[in-house]
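Trainee: coords below, sequence missing:
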């Protein structure tokens, strides 16, 4: 990993606090959710990451605090760097600031996260459902949202599924 | 489960101008079943006469919950669903997903498999661009190009059928390599195609590039500047038509793209015509890549021999106890991927197609998210369309090269 990226990550950690996760050679900076807008401004204006790659979320249900991680990917086309950021969000009234004012394409990406996970983005100009119908109840990508299919019965989960199955009529 | 909820103008009041409320401008519904929206895209247009004041895209008609469904399948079985997302770039979707798995579990791919993947991905790019060219030309009333493009596309689909048995939904690229080696006829078929296609591309250009009717409909329509294009997260030809030369194949080469000599064509105008020129130019660059990859196609295995992740060859199952166990374990339980998340991007015909994959130590992906290029490219449509005629909107939708299956996933 390049030294430049490392200094950027250090700078973010010093300014906003937080920690890092490393996997498969990529370092993800975990920042507090309330600082995400200020962090995005710094990433865009000072560090020169001009392109937002993705905004998505991961649900760690049944863990409640933090239940969600909102994940961001930023790219600097000139410096050829990619910066991964995550923000942990609580499961009770999940909310964090919108970065739409910094990166325009965060608009739909945040709408998708709202639609799929029910995480609200404060300061978003148009936070409506995007993929699901407007009158849909629930947020499908949450881990406690049922998928609605029959699980195959193997030896390791035989009893567990048998207990749930409706009994045959006598 | 469903409740009936009335959606009134209040819901979208902040998206239309004040004049819509007095009736001075007209709200018109375009789609979702409209032939020029390339699928099922609904647009709510606010019109002043024939000029677009506001345009509000409404998507989700093709939402199939692929990301959610993949969480319930093992890593290998979930791959079949990735074909169905962007149905014009089926090989590219498999490619991205497999690269993500390989990065997550740390799996190496043999050089021959990497080269085969590149050839097929570039063939798919040409195929997708041909469909794009045909339909985008059809949108501005150039009928005959469509028929020519589909003639050449057939040749590519035949090659796909040759290698995988399927014309579109191939699932030929698998984690750790490809399904099987390409048949002997493959090289001849691709070389035959490469011999014909450059002349055919010239032919399409002769029909459109200097056609005054086509120029009238495309030059200066749907403009966007370079800074704005980056800030809106545009990728692919839609971005490169404005100037930046961002292409994932050069930015972060994968699967051996660094060995091939090719250019990233760019334009600075940022209009519909520039995007058309780039699509044509990209097809020529893809031909160059295929030519080089085919010339130095290395010999050797096409699948990793790490049998913890890749099923052993059929011939070994009959004789080797271990191979049988591996085969059985892989197709019942799947393989376990470590905890952690990765993000991998490839250059799809439409732009940066990324896969965000998170494992939890088990055999099923904990979270899969696809960063769809069309999703971000469509977002900019209201900005591009403002101030143009409805007929131009059709040309703009055509030019940003969207696939609704990719957007809604």
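Mentor: Happy to help now that I have it. For clarity, every value in this text was computed on a predicted model and none was experimentally measured.
Trainee: low-confidence ranges in chain A?
Mentor: A:1, A:148-149, A:168-170 (pLDDT under 70).
Trainee: show me the strands in it, by range?
Mentor: A:19-23, A:26-30, A:51-59, A:68-76, A:81-89, A:95-97, A:120-122 (DSSP state E).
Trainee: now distance to residue B:220 too, for those strands, in JSON lines please.
Mentor: C-beta coordinates here come from the backbone N, C-alpha and C atoms, glycine included. Putting the strands of chain A into JSON lines (distance: least, CB to CB, whole Å) gives the following:
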{"stretch": "strand A:19-23", "distance to residue B:220": "47"}
{"stretch": "strand A:26-30", "distance to residue B:220": "42"}
{"stretch": "strand A:51-59", "distance to residue B:220": "26"}
{"stretch": "strand A:68-76", "distance to residue B:220": "30"}
{"stretch": "strand A:81-89", "distance to residue B:220": "35"}
{"stretch": "strand A:95-97", "distance to residue B:220": "38"}
{"stretch": "strand A:120-122", "distance to residue B:220": "36"}
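Trainee: out of these, which comes closest to residue A:37?
Mentor: Residue A:37 sits nearest to strand A:95-97 of all the strands of chain A, at 3.9 Å, using CB to CB.
Trainee: still on that earlier bit, most tightly surrounded among the strands of chain A?
Mentor: Greatest average neighbour count among the strands of chain A goes to strand A:51-59 (a mean of 25), per mean count of other CB atoms under 10 Å in any protein chain shown.
Trainee: from the contact counts, what lies against that strand?
Mentor: For strand A:51-59, the elements it packs on are strand A:68-76, helix A:106-117, strand B:340-348, strand B:351-359, strand B:367-371, judged by 3 or more CB pairs under 8 Å, 6 or more residues apart in numbering or on different chains; DSSP states H and E.
Trainee: adding distance to residue B:78, write the ones you listed out as a markdown table.
Mentor: Putting the helices and strands packed on strand A:51-59 into a markdown table (distance: least, CB to CB, whole Å) gives the following:
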| stretch | distance to residue B:78 |
| --- | --- |
| strand A:68-76 | 19 |
| helix A:106-117 | 17 |
| strand B:340-348 | 15 |
| strand B:351-359 | 10 |
| strand B:367-371 | 7 |
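Trainee: ok, which of those comes nearest residue B:332?
Mentor: strand B:351-359 (18.7 Å).
Trainee: so what does that closest one touch, helix or strand wise?
Mentor: Packing partners of strand B:351-359 (3+ CB pairs under 8 Å, 6+ apart): strand A:51-59, strand A:68-76, helix B:90-105, helix B:237-240, strand B:340-348, strand B:367-371, helix B:373-379.
Trainee: how about residue 161, what does it touch?
Mentor: Chain wasn't specified; assuming chain A. Taking CB atoms under 8 Å, 6 or more residues apart in numbering or on different chains, we find residue A:161 in contact with A:151, A:153.
Trainee: wrong one, I was asking about chain B
Mentor: Taking CB under 8 Å, 6+ apart as the test, what residue B:161 contacts is residue B:167.
Trainee: what pLDDT does it get?
Mentor: Note for residue B:161: predicted pLDDT of 92.
Trainee: next one: residue B:349
Mentor: 91.
Trainee: shouldn't it be in contact with residue B:90?
Mentor: No - using CB atoms under 8 Å as the test, residue B:349 is too far from residue B:90 to be in contact (11.1 Å).
Trainee: which neighbours do the two have in common?
Mentor: Joint contacts of residue B:349 and residue B:90 (CB under 8 Å, 6+ apart) are residue B:124.
Trainee: so where's the stretch 151-300 of chain B uncertain?
Mentor: In the stretch 151-300 of chain B there are no weaker segments when pLDDT under 70 is taken as the threshold.
Trainee: which parts of it are helices?
Mentor: Assigned by DSSP state H, counting those that start in this stretch, the helices in the stretch 151-300 of chain B fall at B:185-208, B:212-218, B:226-231, B:237-240, B:248-251, B:272-295.
Trainee: which strands and helices sit next to the fourth one?
Mentor: Which is helix B:237-240. With contacts defined as 3+ CB pairs under 8 Å, 6+ apart, the packing partners of helix B:237-240 are helix B:226-231, helix B:272-295, strand B:351-359.
Trainee: now the first one
Mentor: For helix B:185-208, the elements it packs on are helix B:111-139, helix B:143-164, helix B:272-295, judged by 3+ CB pairs under 8 Å, 6+ apart.
Trainee: tell me the buried residues in that helix?
Mentor: Across helix B:185-208, burial judged by 16 or more other CB atoms under 10 Å in any protein chain shown covers B:186, B:189, B:190, B:193, B:194, B:197, B:200, B:201, B:204, B:205, B:208.
Trainee: any chance of those residues in a markdown table with distance to residue B:317 as columns?
Mentor: A markdown table is the format used below for these (distance: CB to CB, whole Å):
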| residue | distance to residue B:317 |
| --- | --- |
| B:186 | 25 |
| B:189 | 30 |
| B:190 | 31 |
| B:193 | 35 |
| B:194 | 37 |
| B:197 | 41 |
| B:200 | 45 |
| B:201 | 46 |
| B:204 | 48 |
| B:205 | 52 |
| B:208 | 54 |
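Trainee: what is the most widely separated pair among those?
Mentor: The span of the buried residues of helix B:185-208, defined through CB to CB, is set by B:186 and B:208 at 31.8 Å.
Trainee: what sits against the closest residue to residue B:279 other than its chain neighbours?
Mentor: Nearest residue to residue B:279 in three dimensions, chain neighbours excluded: residue B:129, at 5.0 Å (CB to CB, 6 or more residues apart in numbering or on different chains). Neighbour list for residue B:129: B:279, B:280, B:282, B:283, B:286, B:349 [criterion: CB under 8 Å, 6+ apart].
Trainee: now residue A:35: how far from chain B?
Mentor: 21 Å (CB to the nearest CB, to the nearest Å).
Trainee: that residue - how many residues pack around it?
Mentor: 18 (other CB atoms under 10 Å in any protein chain shown).
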